[in-house]
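A.B. asks: Take this sequence and fold it.
(one chain, ligands or ions: 2)
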Amino acid sequence: MRLEELSEKSVLKYVVISLLTIMLTTIIVVISLNFETLKNNFFDRQVETLTIIPPNENDILRIVFTGVSTPLTPYIAQQSVVLSINNKNYVFDAGSRSTANFISEGSLEAANIEAVFITHTHSDHIGSLGELILASWARGRTLPLPVYGAGKEIQNVVDGFNLAYKPDRDHRTAHHGQEFFVPENGLLQAQLFEVNENELLIFEDENVQVFAFNVPHGPIHGSVGYKIISGDRSVVISGDTDVMNSYDFINGVDVLIHEAIIEPVSTAVSQSAKRLGNERISEIFNDINDYHANLIDYEDNPGLLSRLEGIELGLLALIHIIPDKDNVIVKRALKKFSSQSSHDVVVAEINMVISLPLNTKEIIIK
Ligand SMILES: [Zn+2]
Ligand SMILES: [Zn+2]
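C.D. replies: Ligands and ions are numbered 1, 2, ... in the order given. Below you'll find the model as predicted:
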């Protein structure tokens, strides 16, 4: 075809194709010449995202909920609350699956776990201890991990996890070398205490003071809650407990993290299970009512609502909710409680973060 036979449209088409070919060739040449650099940059960004924890802003006490559920909702991580300040982390309970959330949350350095505080030895509060020490050890902790708890049972729990994970420690030490994976740093170390008075100071460092207090969660001996003070901010974690007789001792705290049961719903589940012939489930849902904290007064039993009346709180965060917090009836009950409560109420979700900047009154929920 001669040039004069080409239409204007065809000329435009050839020009576009030529330009695209030149651009494509240029891109291929540039990529080929810089392939190693581009590839390395890509990998560096991915590895950075997965492994580097950027430093957090100092002097902000952060509460990170890495586990919020109970044995009755096993598909959600069971109870664990991390308090984090100045890039040091303090773990309160380590329920199953919670370590995965600790790692995936992205702002918590497992090597910088200063201590673990156990409220009691029910499985939904200790199930992830083995994964937690492994994560902390692998990330480079330089000491055994202290595990605080009331009563001798904590020693058994720690000894049991250390024994169960011994083969794992041996294999990793043999593979990576003793100097790199120092065996002692992969151990949990029990720190036992007994609370005989109202509150007992059990831990103190440059960031936090941790006090323990007894809570009614019989028949378990040594069920405690914790009050954490950091500068001028304070947090109380109830652990598992029936409604306490008095909450005067927490008056003025910034955040109360309290467990909850919706007793009318739990009772209805028990009755329904009985009608359906499942006596075991009926019995379990009946039994659990007496050692968890009902929200609203029910059949002459005082609820958290009336017991917290007159207590000054910055925020009430409900956790460990029975039955499942995502059930529509429970959601309605939680809404009713929130609307009747004189306090600001939030229901803890996985990896929800509550920030308390020191020397302020701010409470930021994300
Ligand atoms: Zn529990
Ligand atoms: Zn319990």
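
A.B. asks: From here on, just use CA atoms for contacts and neighbour counts.
C.D. replies: Noted.

A.B. asks: what bridges to Ile63?
C.D. replies: Legend: beta-bridge partners of Ile63 under DSSP bridges are Leu83, Ile354.

A.B. asks: isn't it right up against Asn89?
C.D. replies: No. With contact defined as CA atoms under 8 Å, Ile63 does not count as touching Asn89 (9.9 Å).

A.B. asks: Now for these two: what residues contact both?
C.D. replies: Val82, Leu83 (CA atoms under 8 Å, 6 or more residues apart in numbering).

A.B. asks: ok, the spatially closest residue to Phe203 that is not a sequence neighbour - contacts?
C.D. replies: Of all residues not flanking Phe203 in the chain, Val210 sits nearest, at 5.1 Å (CA to CA, 6 or more residues apart in numbering). By CA under 8 Å, 6+ apart, Val210 lies in contact with Leu201, Ile202, Phe203, Glu204, Tyr226, Lys227, Ile228, Ile229.

A.B. asks: Tell me, how many residues neighbour the fourth one?
C.D. replies: Glu204 is surrounded by 13 other residues when neighbours are defined as other CA atoms under 10 Å.

A.B. asks: Convert the C-alpha atoms of the lowest-mean-pLDDT helix or strand in the chain to PDB, please.
C.D. replies: Using mean pLDDT, DSSP states H and E, helix 35-51 stands out as the lowest-scoring helix or strand of the chain, at a mean of 85. Output of helix 35-51 as PDB, limited to C-alpha atoms (Å, rounded to 0.1, in the frame of the first residue of the first chain):
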ATOM      1  CA  PHE A  35      15.300  -6.000  37.800                       C
ATOM      2  CA  GLU A  36      17.400  -6.900  40.900                       C
ATOM      3  CA  THR A  37      16.800  -3.500  42.500                       C
ATOM      4  CA  LEU A  38      13.000  -3.600  41.800                       C
ATOM      5  CA  LYS A  39      12.700  -7.200  43.100                       C
ATOM      6  CA  ASN A  40      14.700  -6.400  46.300                       C
ATOM      7  CA  ASN A  41      12.600  -3.300  46.900                       C
ATOM      8  CA  PHE A  42       9.400  -5.300  46.500                       C
ATOM      9  CA  PHE A  43      10.600  -8.000  48.900                       C
ATOM     10  CA  ASP A  44      11.900  -5.400  51.400                       C
ATOM     11  CA  ARG A  45       8.500  -3.600  51.500                       C
ATOM     12  CA  GLN A  46       6.600  -6.900  52.000                       C
ATOM     13  CA  VAL A  47       9.100  -8.200  54.700                       C
ATOM     14  CA  GLU A  48       9.000  -4.800  56.400                       C
ATOM     15  CA  THR A  49       5.200  -4.900  56.600                       C
ATOM     16  CA  LEU A  50       5.300  -8.400  58.100                       C
ATOM     17  CA  THR A  51       8.200  -8.100  60.500                       C
END
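
A.B. asks: Please list all residues in contact with the most centrally placed residue in the chain.
C.D. replies: Nearest to the geometric centre of the chain sits Thr66, at 1.6 Å (CA atoms, centre = their mean). If you count contacts by CA under 8 Å, 6+ apart, Thr66 has them with Ala77, Gln79, Ser80, Val81, Val82, Ser98, Thr99, Asn101, Phe102, Ile350, Asn351, Met352.

A.B. asks: Is it correct that the last one is in contact with Ile319?
C.D. replies: No. The pair Met352 / Ile319 is not scored as a contact, 11.4 Å apart, by CA under 8 Å.

A.B. asks: Can you pull the residues of the stretch 101-250 of the chain lying near ligand 2?
C.D. replies: His122, Asp240 (CA under 5 Å from the ion).

A.B. asks: All the strands of the stretch 101-250 of the chain, residue numbers only.
C.D. replies: 113-117, 145-150, 188-193, 200-204, 209-214, 224-230, 233-237 (DSSP state E, counting those that start in this stretch).

A.B. asks: Give the next helix or strand downstream of the last one.
C.D. replies: Towards the C-terminus, the helix or strand next in line after strand 233-237, according to DSSP states H and E, is strand 253-261.

A.B. asks: Quick one: check that next one for contact with ligand 2.
C.D. replies: No. Against ligand 2, strand 253-261 shows no contacts by CA under 5 Å from the ion, the least distance being 9.8 Å.

A.B. asks: Kindly export that strand (C-alpha atoms) in CSV.
C.D. replies: Below are the C-alpha coordinates for strand 253-261, written out as CSV (Å, rounded to 0.1, in the frame of the first residue of the first chain):
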residue,chain,number,x,y,z
VAL,A,253,-10.5,5.0,87.0
ASP,A,254,-10.3,5.8,83.3
VAL,A,255,-11.4,2.5,81.9
LEU,A,256,-13.1,-0.5,83.6
ILE,A,257,-12.9,-3.7,81.5
HIS,A,258,-15.6,-5.9,82.9
GLU,A,259,-16.9,-9.3,82.0
ALA,A,260,-20.6,-9.8,81.5
ILE,A,261,-23.3,-12.5,81.3
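
A.B. asks: so what secondary structure elements neighbour it?
C.D. replies: Packing contacts for strand 253-261, counted by 3 or more CA pairs under 8 Å, 6 or more residues apart in numbering; DSSP states H and E, involve strand 233-237, strand 313-322.

A.B. asks: Can you give the contact residues for that strand?
C.D. replies: 233-241, 289, 292-295, 312-323, 363.

A.B. asks: So among the residues you listed, which ones count as buried?
C.D. replies: 233-241, 289, 292-295, 312-323 (16 or more other CA atoms under 10 Å).

A.B. asks: just to revisit the earlier point, return the member of the contacts of Val210 nearest to Val330.
C.D. replies: Closest to Val330 out of these is Tyr226 (26.7 Å), distances taken as CA to CA.

A.B. asks: contacting residues for that closest one?
C.D. replies: The contact partners of Tyr226, by CA under 8 Å, 6+ apart, come to Thr119, Val210, Phe211, Ala212, Phe213, Val236, Ile237, Ser238, Gly239.
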